[in-house]
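Student: how would this look folded up:
(2 chains)
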Number of protein chains: 2
Amino acid sequence: MTTGSWVAVPDGSDFPIENLPYGAFGRDGAAHLGVAIGDRILDLHAASESGLFDDVCAPAALRAGCLNPLLASGKDVWRALRSRLQSLLLRDGDPALRNLNGSRLFADRKTATMLVPVEVGDYVDFYSSEQHATNLGRIFRPNAEPLLPNWKWMPVGYHGRAGSIVIDGTPIRRPHGQCKPPDADVPLFAPSAMLDLELEIGFFTGGGNEIFGLVLVNDWSARDIQAWEYQPLGPFLGKSFGTTISPWVVTTEALAPFRVAPPPQDPPPLSYLHIENDAAYDVALAVDLQTAAMRAAQIAPVTISRTNARELYWTMAQQLTHATSNGATARPGDLFASGTISGSDPASYGSLIELTWRGTKPLRLPNGEMRSFLEDGDEIALRAWCERAGLRIGFGACRGRITGGYVETGASSQER
Amino acid sequence: MTTGSWVAVPDGSDFPIENLPYGAFGRDGAAHLGVAIGDRILDLHAASESGLFDDVCAPAALRAGCLNPLLASGKDVWRALRSRLQSLLLRDGDPALRNLNGSRLFADRKTATMLVPVEVGDYVDFYSSEQHATNLGRIFRPNAEPLLPNWKWMPVGYHGRAGSIVIDGTPIRRPHGQCKPPDADVPLFAPSAMLDLELEIGFFTGGGNEIFGLVLVNDWSARDIQAWEYQPLGPFLGKSFGTTISPWVVTTEALAPFRVAPPPQDPPPLSYLHIENDAAYDVALAVDLQTAAMRAAQIAPVTISRTNARELYWTMAQQLTHATSNGATARPGDLFASGTISGSDPASYGSLIELTWRGTKPLRLPNGEMRSFLEDGDEIALRAWCERAGLRIGFGACRGRITGGYVETGASSQER
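Tutor: Prediction:
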């Protein structure tokens, strides 16, 4: 606990001085890096001009339009910069920043246009929740062992599309794609009828294969497209039309007080995947849904899932170790996501295909609407926060609203 | 046919004036863009300073360290730039460039250090050769239909690792990874014992979802790692340790004379995948192998496979259309590869797992050595060229030599 900042931080804010996550926002037609504190953003570009950071971080890294140069700077720079920021923002700390009193030093967080803060190199998505992998195995292969033989030996994963990563609030257009209903002879090309969310948490790597920080990830999925296309090379277009991340990268340093032991691993992993102590993070997670009808009737979003990142079987350290075990290096700005996080309680499943058991148990919403999969106008918000001994930090929201796709060809051409 | 260039072009060169492919090479510690002609490279950075291109292309695009700004400029700029280059390099063309006589305008192609010419955004790998997909189906699922039900309805593909793309000549370190021999109870972590090549051709996209040009692609594959990891999410570490591309991007304009009809498609594809006329490219392909012992004995590389890109069932236009059919956009600099190209004749199979039928029919090399998969010291060179009516253009080489991996942990730590 610290004695707080001279910048006002409302009660229950995701962004007290103990957090200080990094993001990027639009200012004067350019992308500026910033640090969230309360309802304000410290503009790192503007603040760097004071020279107050010159001895801890290259000014160019703070004046870049994305976090990649800072990510590449490595752990020692991250630690020194965070320490300097905390000192300058503490109520009883170094008064140098406060004394500058520059009107350009801060921006209003609640009205800022946030941008994807990292030029994402490669995007890897894992499958590290045992309950999620078990649920999907039961749904897709009801007569077989739900977990495939490799699952408990390695963090299974695949590469996703980096180019379709978008920031909180970006509308998600319902994708078209090929799907083949079980009773059809031939596939059809149509808007997805099984549009789903996936509640995930991801991390960005920096220099030296180090984990810099974490974001929420909604890996939107078209289950009908995915089911028809995924053999034998894995998911492709069912997941490449949009992946939403939260705008603030919460650093591993801010998360250090919330490290906990991961679940036991049986069988014990091979030696290159040995478990570090307290390698999991105790991050509470929630999924909120608000439909267009709820919005029109001013009915608040309803929480459809609550779970925790500590439930993940494979830790982030194990994911990164495995992903680079063949000699591949992680670049500063690569994103590694956990895969859907589901707990053992059905109310903690992290996707609609699990929550509604592939649509066989639709959700009843507060206004009487039913949902098996997402409809146009539905908005999903992922939330994440950590709490311990009076300290609370959060991730900010990771939201996306579904918009109709369109039919591109011939007489049926129409907005959906 | 043109009347040739004032720059000397040796007989049989891959790079006559009809080709003019783009690449990047190291000069004065920086990456310069260049155009290959004969054994020379026209330095686009240096040439742009003459102002001779200012009316067809933004000088910044020619002075960039990678092709991405040129790719983003779009088709009209590509066409105008190529036309200007041809005019300036023609023996009887515009003498302006020749009259400059600048010593910095050209570099020696044979001694230049070539660089990956594009900052690759996303890398997609397809599976578009019917014979290859059939072969792998027969090898991996001997008692089932070799082609899965979706294969003839869509160009099946997946995302690979953009960060491990390397240029011709880069050594390929044998990867470590988990594999599980059929008779073992538990997997082990060891150097791959089934290291393979994949003969592919790929294209880079530019602005407006247009195809800019083609390169050779060797998608090195560790079959033992791949076999254990790939279910259910597809290939991951078995293919992410290195993907070699040839250094010169051969433009679709240079390839226009070599467009041919693709193989018939049955069933006819869905309307969004309709086939354009002459959408295939008649590109002859070869794989050469030279082992360390052959090199020591000065035995020339042996050609172990000959095939042709026109054999691909799915065309590049169909691949790109499919990959973007869900609303995803291709960015300038995305790379899309064909998947292994195999013809119907066993001598035309594009990988060792096919050529040796998973090691059951090893290759006998000219010096008596046998090969099932690649050994340390083996060098693979892919080659590609087009020939028609006296015109011949080529791609240059796509080479890689296998170096030993190393064991990272404990008492067994040693160079392999």
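
Student: List the buried residues in stretch A:256-263.
Tutor: For stretch A:256-263, a neighbour-count test (16 or more other Cβ atoms under 10 Å in any protein chain shown) marks A:Phe258, A:Arg259, A:Pro262 as buried. (C-beta placed from N, C-alpha, C; glycine too.)

Student: Same list, the residues you listed, but as TSV with distance to A:Asp108 and pLDDT please.
Tutor: Formatted as TSV, the buried residues of stretch A:256-263 follow (distance: Cβ to Cβ, whole Å; pLDDT from 0 to 100):
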residue	distance to A:Asp108	pLDDT
A:Phe258	28	98
A:Arg259	33	97
A:Pro262	39	95
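
Student: So which of those is the closest to A:Gly339?
Tutor: A:Pro262 (14.9 Å; Cβ to Cβ).

Student: The closest one against A:Ala317, yeah?
Tutor: No: taking contacts as Cβ atoms under 8 Å, A:Pro262 lies outside contact range of A:Ala317: 9.4 Å.

Student: shared neighbours of the two, which are they?
Tutor: Residues touching both A:Pro262 and A:Ala317 (Cβ atoms under 8 Å, 6 or more residues apart in numbering or on different chains): A:Ala279.

Student: Can you tell me the closest non-neighbouring residue to whichever residue of the stretch 301-416 of chain A sits closest to chain B?
Tutor: Using Cβ to the nearest Cβ, the closest approach of the stretch 301-416 of chain A to chain B is made by A:Asn326 at 3.8 Å. Counting by Cβ to Cβ, 6 or more residues apart in numbering or on different chains, the nearest residue to A:Asn326 once its immediate chain neighbours are dropped is B:Pro175, at 3.8 Å.

Student: tell me the contacts of the one you found?
Tutor: Applying Cβ under 8 Å, 6+ apart to B:Pro175 gives the contacts A:Asn326, A:Gly327, B:Pro191, B:Ser192, B:Leu195, B:Ala222, B:Ile225, B:Leu237, B:Phe241, B:Gly242, B:Gly405.

Student: among those residues, which two are most distant?
Tutor: Comparing all pairs in the contacts of B:Pro175 by Cβ to Cβ, the longest separation belongs to B:Pro191 and B:Gly242, at 14.1 Å.

Student: more neighbours, these two?
Tutor: The residue with more neighbours, out of B:Pro191 and B:Gly242, is B:Gly242; 24 against 19, by other Cβ atoms under 10 Å in any protein chain shown.

Student: which parts of stretch A:303-319 are buried?
Tutor: Using 16+ other Cβ under 10 Å as the test for burial, stretch A:303-319 gives A:304-319.

Student: Report how many residues lie close to the residue of the stretch 1-150 of chain A found nearest chain B.
Tutor: At 4.9 Å from chain B, A:Asp122 is the closest residue in the stretch 1-150 of chain A, using Cβ to the nearest Cβ. Residues lying near A:Asp122 (other Cβ under 10 Å) number 26.

Student: For stretch A:113-126, which residues meet the burial criterion?
Tutor: The neighbour-count check on stretch A:113-126 (16+ other Cβ under 10 Å) flags A:114-126 as buried.

Student: coming back round to it: among the buried residues of stretch A:303-319, which lie within strands?
Tutor: Using DSSP state E, the members of the buried residues of stretch A:303-319 that fall within strands are A:Ile304, A:Ser305, A:Arg306, A:Thr307, A:Asn308.

Student: contacting residues around A:Ser305?
Tutor: Going by Cβ under 8 Å, 6+ apart, A:Ser305 touches A:Leu199, A:Leu285, A:Ala286, A:Val287, A:Ala347, A:Ser348, A:Tyr349, A:Gly350, A:Leu355.

Student: Could you tell me whether the third one really is in a strand?
Tutor: The reference is to A:Ala286. Yes: A:Ala286 sits within a strand when classified using DSSP: H, G, I helix; E, B strand; the rest coil.

Student: CA atoms only: put the lengthiest strand in chain A into PDB for me.
Tutor: Longest strand of chain A, by residue count under DSSP E: strand A:379-388. The C-alpha trace of strand A:379-388 is given here as PDB (Å, rounded to 0.1, in the frame of the first residue of the first chain):
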ATOM      1  CA  GLU A 379     -22.400  -5.700 -26.500                       C
ATOM      2  CA  ILE A 380     -19.900  -7.800 -24.600                       C
ATOM      3  CA  ALA A 381     -17.700  -6.300 -21.900                       C
ATOM      4  CA  LEU A 382     -14.900  -8.300 -20.300                       C
ATOM      5  CA  ARG A 383     -13.700  -7.000 -17.000                       C
ATOM      6  CA  ALA A 384     -10.700  -8.000 -14.800                       C
ATOM      7  CA  TRP A 385      -9.400  -6.900 -11.400                       C
ATOM      8  CA  CYS A 386      -7.200  -8.000  -8.500                       C
ATOM      9  CA  GLU A 387      -7.900  -7.500  -4.900                       C
ATOM     10  CA  ARG A 388      -5.900  -8.300  -1.800                       C
END
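
Student: Please name every helix or strand in contact with that strand.
Tutor: Applying 3 or more Cβ pairs under 8 Å, 6 or more residues apart in numbering or on different chains; DSSP states H and E, one finds that strand A:379-388 contacts strand A:211-218, strand A:284-290, strand A:391-394, strand A:398-403.

Student: Swap in 6 Å and give it another go.
Tutor: With contacts taken as 3 or more Cβ pairs under 6 Å, 6 or more residues apart in numbering or on different chains; DSSP states H and E, strand A:379-388 sits against strand A:211-218, strand A:284-290, strand A:398-403.

Student: Tell me who's in contact with A:Ala383.
Tutor: No Ala there; residue A:383 is Arg. Taking Cβ atoms under 6 Å, 6 or more residues apart in numbering or on different chains as the criterion, A:Arg383 is in contact with A:Ala286.

Student: Pull the number of nearby residues for the residue of chain A found nearest chain B.
Tutor: Residue of chain A nearest chain B, by Cβ to the nearest Cβ: A:Gly234 (2.3 Å). Residues near A:Gly234, counting by other Cβ under 10 Å, number 27.

Student: That one contacts A:Gly157, correct?
Tutor: No: using Cβ atoms under 6 Å, A:Gly234 is not in contact with A:Gly157; the gap is 9.7 Å.

Student: for chain A, which spans come out with low pLDDT?
Tutor: A:1-3, A:405-416 (pLDDT under 70).

Student: At the contact with chain B, which residues of it appear?
Tutor: Residues of chain A lying near chain B by Cβ under 6 Å from any Cβ of the partner chain: A:121-122, A:148, A:150, A:153-154, A:156-164, A:173, A:175, A:177-178, A:187, A:189, A:228, A:231, A:233-234, A:236-237, A:240-241, A:270-272, A:326-328, A:331.

Student: Please flag which of the residues you listed sit within helices.
Tutor: Under the assignment DSSP state H, these contribute A:Trp228 to helices.

Student: Can you say which of the residues of chain A next to chain B are buried?
Tutor: By 16+ other Cβ under 10 Å, the residues of chain A next to chain B give A:121-122, A:148, A:150, A:153-154, A:156-164, A:173, A:175, A:177-178, A:187, A:189, A:228, A:233-234, A:236-237, A:240-241, A:270, A:272, A:326-328, A:331 as buried.

Student: Out of these, list just those in strands.
Tutor: Per DSSP E, those map to strands at A:Gly157, A:Tyr158, A:His159, A:Gly160, A:Arg173, A:Gly177, A:Gln178, A:Phe189.

Student: Not counting sequence-adjacent ones, nearest residue to A:Ile245?
Tutor: Nearest to A:Ile245 is A:Val215, by Cβ to Cβ, 6+ apart, at 4.7 Å.

Student: Any idea how many residues pack against that neighbour?
Tutor: Neighbour count of A:Val215, defined by other Cβ under 10 Å: 29.

Student: isn't it right up against A:Thr243?
Tutor: No: applying Cβ under 6 Å, one finds A:Val215 not in contact with A:Thr243, separated by 10.8 Å.

Student: residue ranges of the helices in chain A, please?
Tutor: In chain A, the segments counted as helices under DSSP H are A:44-48, A:59-63, A:68-73, A:75-89, A:96-100, A:130-140, A:223-229, A:252-255, A:292-296, A:316-323, A:352-355.

Student: Buried residues in the longest one, which are they?
Tutor: Residues of helix A:75-89 classed as buried under the neighbour-count rule (16+ other Cβ under 10 Å) are A:Val77, A:Trp78, A:Leu81, A:Arg82, A:Arg84, A:Leu85, A:Gln86, A:Leu88, A:Leu89.
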